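[1] dropping a prediction and its sequence here:
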Protein chains: 2
Amino acid sequence: MTLAENGKLVNKIKTLQTIQSEVESSNRIALSVDCVIFGFDENKLKVLLIRSDLKKYQGRYSLLGDLVHPNEDLSAAAYRILKQRTGLNDLYLEQVETFGSVGRHPAGRVVTVAYCSLINVQHHKLRILENDLHWHDVKNTTELAFDHQDIFDACYNRLQKRIQEHPLGFNLLPKKFSLRELQNLYEAILDIKLDRRNFRKKFFSMDFLIDTGEMEQDVPHRPGKLYKFNYEKYEKKKKKWFGIDF
Amino acid sequence: MTLAENGKLVNKIKTLQTIQSEVESSNRIALSVDCVIFGFDENKLKVLLIRSDLKKYQGRYSLLGDLVHPNEDLSAAAYRILKQRTGLNDLYLEQVETFGSVGRHPAGRVVTVAYCSLINVQHHKLRILENDLHWHDVKNTTELAFDHQDIFDACYNRLQKRIQEHPLGFNLLPKKFSLRELQNLYEAILDIKLDRRNFRKKFFSMDFLIDTGEMEQDVPHRPGKLYKFNYEKYEKKKKKWFGIDF
DNA sequence: TAAAGAATGTGTTAAATTTACACATTAAAT
DNA sequence: ATTTAATGTGTAAATTTAACACATTCTTTA
């Protein structure tokens, strides 16, 4: 190797070191998504959590999340997590809020986009995947890792508000459901008691329920009628209501 | 330089080249914020835009935005932009939505968090800074650069919805204002006509208006009373209404 | 198999909220 | 002094929401 070649090497190193320091100074911001996945079981609203694998937060639960891939749309990352964790496609998914405090994550600067999702717990594909996952009662306020409690709160607030403007509840129920189940769901989400007759009246007047002609099976009382949700009619009305938003 | 030393150099270069390729493959996602800044002037709702400096979008306008600094909270970045562009502190600012399609920005992978802000156009500090900035009528739908039209739409929809639930309009008006001005503002934002008596009734019943005892000056008709907004009372009620959200 | 228990299914009335609507008053402009 | 234009105010109708009770149907138990 000549001296000249050596000189070039040294120069190259200098250039590269500049880049290295840029990287090591953590001069970048990482981006993740976190999903608040709601379910409804035994007349209680649930949220899907995982035991945190970071020592600092040992024993605490956290939301399901992952880094966004460089060539992946933001919403695609959220759908990927849902698919990985629940095995389900085509779920209800809504972006809620982005959390970006400097110190929010112990591993460095990570900005996270929170998504809210609603799934039907009874779905058969689900059971297999529940190994390290846990359905937590929304009311048993387990303390969560990082700022995940804030993220959860934001999503739960959003859900409570949205469900009063749009009939999202169907995403949490089986295809066919009784009006009783529907009311229980609303009572669980909003944490209030509702008048049965007024509730039925309101839903019938919205005209999104299709009478399946079937009745409940294996219930320890008089069976109620089973309904299903009229998605087409809802989609049509949705557009007339609000234009673009939602 | 010995051969051994040369060998070390070559190894070092290999390490650094790995890092370099990591950087150059653009394996990172950049994060920015974009602000939709609303103003109200001449009975029209306005939005503050800047002429895009990218060739591809020459002639088009874009929102005011910037990259988030590595040690800067997300909301701090939004406030920084507001301060830089308008000279104003303590403005109303609300995060609206994060836009993260892979191809949304020509310069590479940039995910942007949209913020909505309301400012009082009459504020004296503003004029100086309007050099390359332009107040655009919200109704004259100039085509915007990138996906800024989507971002704008999201913020405008949010504003229309929010203003029907919370009296945000005061942020767009002078400290003292007449009920007529207030109604004009609401009509401009919602793009509808309102009944004058019902509008007044509703606002008085909310009980957020303080009669200043003063009257309008220099108006070419009978002067109306001037009111100011009762922030303390609003803050108190706000908490009772919604708990956390908003 | 008869009776008791428990949840379903249905309609009306009162209260509260929202909408529609008209005229006298005040100050500026002519 | 008269005209003009916007302010300021109240009531009645319509709609929406809230409160409320009993007969029916199926299961369970005696």
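    Sure, I can see it.
[2] CA only for contacts and neighbour counts going forward, please
    Noted.
[3] need the longest strand for chain A.
    strand A:30-41 (DSSP state E).
[4] strand partners of that one, parallel vs antiparallel please.
    strand A:44-51 (antiparallel), strand A:64-67 (antiparallel), strand A:110-118 (parallel) (DSSP bridges).
[5] which secondary structure element of chain A has the lowest mean pLDDT?
    Ranked by mean pLDDT, DSSP states H and E, the weakest helix or strand in chain A is helix A:3-24, scoring a mean of 49.
[6] so which residues of chain A form strands?
    So, for chain A - with DSSP E - the strands run A:30-41, A:44-51, A:61-62, A:64-67, A:92-99, A:110-118, A:133-137, A:209-215, A:225-229.
[7] looking at the ones you listed, spot the one closest to DNA strand D.
    strand A:209-215 (8.5 Å; Cα to the nearest atom of the strand).
[8] the closest one and DNA strand D in contact?
    No: taking Cα under 7 Å from any atom of the strand as the criterion, strand A:209-215 and DNA strand D are apart, separated by no less than 8.5 Å.
[9] parallel or antiparallel, which strands does that strand pair with?
    Counting by DSSP bridges, strand A:209-215 is paired with strand A:225-229 (antiparallel).
[10] what residues does chain A put near DNA strand D?
    A:Asp195, A:Arg197, A:Asn198, A:Asp218, A:Val219, A:Pro220, A:His221, A:Arg222, A:Pro223.
[11] for chain A, which spans come out with low pLDDT?
    Where chain A drops to pLDDT under 70, the residues are A:1-27, A:53-57, A:127-131, A:240-246.
[12] how about the residues of it by DNA strand C?
    A:Ser178, A:Leu179, A:Arg180, A:Arg196, A:Arg197, A:Asn198, A:Arg200, A:His221, A:Arg222, A:Pro223, A:Gly224, A:Lys225.
[13] swap in 10 Å and give it another go.
    Within chain A, the positions adjacent to DNA strand C are A:178-184, A:195-201, A:204, A:211, A:213-216, A:219-227 by Cα under 10 Å from any atom of the strand.
[14] ok, of those, which come out buried?
    Burial of those was assessed by neighbour count (16 or more other Cα atoms under 10 Å in any protein chain shown); the buried members are A:Ser178, A:Leu179, A:Leu182, A:Gln183, A:Asn184, A:Phe199, A:Asp211, A:Met215, A:Gly224, A:Lys225, A:Leu226, A:Tyr227.
[15] can you pull the contacts of the fifth one?
    Taking Cα atoms under 8 Å, 6 or more residues apart in numbering or on different chains as the contact definition, A:Asn184 lies against A:Asn43.
[16] ok, it to chain B distance?
    22 Å (Cα to the nearest Cα, to the nearest Å).
[17] try A:Arg180
    Applying Cα to the nearest Cα to A:Arg180 and chain B gives a distance of 27 Å.
[18] out of everything not next to it in sequence, what's closest to that residue?
    Among residues not flanking A:Arg180 along the chain, A:Gly224 sits closest, at 7.9 Å (Cα to Cα, 6 or more residues apart in numbering or on different chains).
[19] now A:Glu97
    According to Cα to Cα, 6+ apart, the nearest residue to A:Glu97 is A:Ala114 (5.3 Å).
[20] quick check: that neighbour touching A:Gln95?
    Yes: contact between A:Ala114 and A:Gln95 holds when scored by Cα atoms under 8 Å: they sit 6.1 Å apart.
[21] residues near A:Asn171, how many?
    Neighbourhood size, A:Asn171 [other Cα atoms under 10 Å in any protein chain shown]: 19.
[22] wait, I meant A:Ser32
    20.
[23] now the one 3 residues further on
    The burial count assigned to A:Cys35 is 30, neighbours taken as other Cα under 10 Å.
[24] what's across from it in the sheet?
    A:Leu64, A:Tyr115.
[25] try the one 10 residues further on
    In this structure, A:Leu45 has the following beta-bridge partners (DSSP bridges): A:Phe40.
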